[in-house]
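K.L.:
need a structure here:
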Amino acid sequence: MQTLQVDLGERSYPIHIGSDILQHTGEWIRARHAASRLVLITNPVVEQYWGAPVLASLHQAHYAISKVVVPEGERHKTLATFNRIIAHMLRAGCDRSTMVLALGGGVIGDLAGYAAAAYMRGVRFIQIPTTLLAQVDASIGGKVGVNHALGKNMMGAFHQPQMVVIDTMTLATLPQRELVCGLAEIIKHAAITDAAYFEQIEQNLPHLLSCDSHLLTSIIAQSCQIKAALVSRDEREETGWRALLNFGHTVGHALEAAGHFETLRHGEAVILGMLAEAYLSKAAGKLSAHELQRLEHLLQRLPLNTALVRISLDEIMHFMQRDKKAQSGVPRMVLLRAIGAAECTADWPVAALAEALQYALAAFPQKLN
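P.N.:
This next block holds a predicted model:
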């Protein structure tokens, strides 16, 4: 097992990464935190596979536990589901010493974290991510929230977890489509910060797609380290460093919202977003044609199906203008200067957006049906 640290002063917390470590969850909580009771938030699929070992660990640590099972999927990351969690906590008599546990992917982590941030003006929570995407990205950094019909993650908070427990065994039950979503975030981390890491992924992608356990543990740790370092440097996205993690997300979030959070998974939208934003990087004179081609070739090796899309450029621009990074209605974009180097800017070639979107879609001509 490896343990990393997110350094945020008194809000610092560990990230435990290993295989078959869910059984230690209860003892780790007991050793670090006093809590009157625990509330476990999960979905039916995750509960079926991983609810029992987590609950057994918590019972062994002699905690009083209640559970909320919410529907699976991004379309349920709403105020209605948030309200259901809050209502459960009120009925259960939860107080300010209650701790919330998020067992699931990014949707569960965002919902549970937002409920923890809001309940009685803030209670503690722990992330137990079970998808690759959540393990390398969503569970770290304290961004929590819910979607609105007019935009993704438009209601939320910064609320850091007390601990992140990453058990790589959970990836054995992950559908390939979800694995690909996680690999998208891993490639993003490499593209914006580390050319050598990018090359490592290029060389080992087949092994990652086949869920090589030892390699995945190493890759997860490297991505967690990148995310932790950027969060530690810029917790609330005020100096520009953390904003680099939004590479692929300005366009990606707009694609998700345009599809009503049903057509594309988050990681799939980020794949298309990275290609579009890399194309814009080249159009802006920042990224070479060779490096754009490198990124395209790596992403094309992912088994992505794009049943999307009838793209309306006006609709995409509408959602981009509502993006949280936008200033005075001008979308800010993360552009690559090279593989391993990026910047966030409002100065990007808007006139090339349609070409960039078509370029991204043309890279993945398959249809789901």
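K.L.:
So the residue nearest to Met163 when sequence neighbours are not counted, which state does it fall into?
P.N.:
Residue nearest to Met163 in three dimensions, not counting chain neighbours: Ile126, with 4.9 Å by Cβ to Cβ, 6 or more residues apart in numbering. Just so you know, the C-beta spots here come from the backbone N, C-alpha and C atoms, and that holds for glycine as well. Recorded secondary structure, Ile126: strand (DSSP: H, G, I helix; E, B strand; the rest coil).
K.L.:
quick one: Ile126 from Ile108, how far?
P.N.:
12 Å (Cβ to Cβ, to the nearest Å).
K.L.:
ok, now how distant is Gly122 from Glu237?
P.N.:
20 Å.
K.L.:
who's more crowded, the two?
P.N.:
Glu237 (20 against 12; other Cβ atoms under 10 Å).
K.L.:
just checking, that one touches Ala243?
P.N.:
Yes. Glu237 lies in contact with Ala243 (Cβ atoms under 8 Å); the separation is 5.3 Å.
K.L.:
intersection of neighbour lists for Ile126 and Ile108?
P.N.:
Common contacts of Ile126 and Ile108, defined by Cβ atoms under 8 Å, 6 or more residues apart in numbering, comprise Ala102.
K.L.:
and the lengthiest strand in the chain, which strands flank it?
P.N.:
Longest strand in the chain by number of residues, with DSSP state E as the criterion: strand 151-158. Sheet pairing of strand 151-158 (DSSP bridges) gives strand 143-148 (antiparallel).
K.L.:
chain center to the partner strand: distance?
P.N.:
12 Å (Cα atoms, centre = their mean, to the nearest Å).
K.L.:
buried ones in that strand?
P.N.:
Buried residues in strand 143-148, counted by 16 or more other Cβ atoms under 10 Å: Lys143, Val144, Gly145, Val146, Asn147.
K.L.:
Ok, stretch 85-101 next?
P.N.:
For stretch 85-101, the neighbour count (16+ other Cβ under 10 Å) marks Ile85, Ile86, His88, Met89, Ala92, Cys94, Thr98, Met99, Val100, Leu101 as buried.
K.L.:
Residues in contact with the helix ranked longest in the chain: which ones?
P.N.:
Identified as the longest helix of the chain according to DSSP state H is helix 213-233. By Cβ under 8 Å, 6+ apart, the list of residues contacting helix 213-233 from outside reads 2, 4-8, 15, 17-19, 132, 135-137, 140-142, 166, 168, 171, 185-186, 189, 193-194, 197, 200-201, 204, 207-208, 239, 241-242, 244-245.
K.L.:
show me what contacts Ser288?
P.N.:
Lys282, Ala338.
K.L.:
Just want to check the distance between it and Arg236.
P.N.:
In this view, Ser288 and Arg236 are 33 Å apart by Cβ to Cβ.
K.L.:
mind exporting the helix or strand of the chain at the bottom of the mean pLDDT ranking as CSV, just the C-alpha atoms?
P.N.:
Ranked by mean pLDDT, DSSP states H and E, the weakest helix or strand in the chain is helix 313-321, scoring a mean of 85. Extracted C-alpha coordinates of helix 313-321, given in CSV (Å, rounded to 0.1, in the frame of the first residue of the first chain):
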residue,chain,number,x,y,z
LEU,A,313,-22.3,25.3,-32.1
ASP,A,314,-24.6,27.9,-30.6
GLU,A,315,-25.7,25.5,-27.9
ILE,A,316,-22.1,24.5,-27.1
MET,A,317,-21.0,28.2,-26.9
HIS,A,318,-24.1,28.9,-24.7
PHE,A,319,-22.9,26.3,-22.1
MET,A,320,-19.3,27.4,-22.4
GLN,A,321,-20.3,30.9,-21.5
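K.L.:
Strands along the stretch 251-369 of the chain, start to end?
P.N.:
333-338, 341-345 (DSSP state E, counting those that start in this stretch).
K.L.:
which one of those is the most hemmed in?
P.N.:
Among these, strand 333-338 has the highest mean neighbour count (mean count of other Cβ atoms under 10 Å), at a mean of 22.
K.L.:
strand partners of that strand, parallel vs antiparallel please.
P.N.:
Strand 333-338 is paired, per DSSP bridges, with strand 341-345 (antiparallel).
K.L.:
who's in contact with the strand it pairs with?
P.N.:
Strand 341-345 is contacted by residues 191-193, 195, 240, 243-244, 246-247, 286, 325, 332-337 when judged by Cβ under 8 Å, 6+ apart.
K.L.:
quick check, distance from it to the centre of its chain.
P.N.:
Its chain's average C-alpha position is 19 Å from that of strand 341-345, according to Cα atoms, centre = their mean.
K.L.:
got it, and stretch 101-117?
P.N.:
Put simply, stretch 101-117 sits 11 Å off its chain's centre (Cα atoms, centre = their mean).
K.L.:
Only alpha carbons, please: show that stretch as CSV.
P.N.:
Output of stretch 101-117 as CSV, limited to C-alpha atoms (Å, rounded to 0.1, in the frame of the first residue of the first chain):
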residue,chain,number,x,y,z
LEU,A,101,-18.8,8.3,3.6
ALA,A,102,-18.9,8.4,-0.2
LEU,A,103,-18.7,4.9,-1.6
GLY,A,104,-18.9,5.0,-5.4
GLY,A,105,-17.8,7.0,-8.4
GLY,A,106,-17.6,10.8,-9.0
VAL,A,107,-21.3,11.3,-8.9
ILE,A,108,-21.5,9.7,-5.4
GLY,A,109,-18.5,11.6,-4.2
ASP,A,110,-19.9,15.0,-5.5
LEU,A,111,-23.3,14.3,-4.0
ALA,A,112,-22.1,13.0,-0.6
GLY,A,113,-19.5,15.7,-0.4
TYR,A,114,-22.0,18.5,-1.1
ALA,A,115,-24.4,17.1,1.5
ALA,A,116,-21.5,17.0,4.0
ALA,A,117,-20.6,20.6,3.2
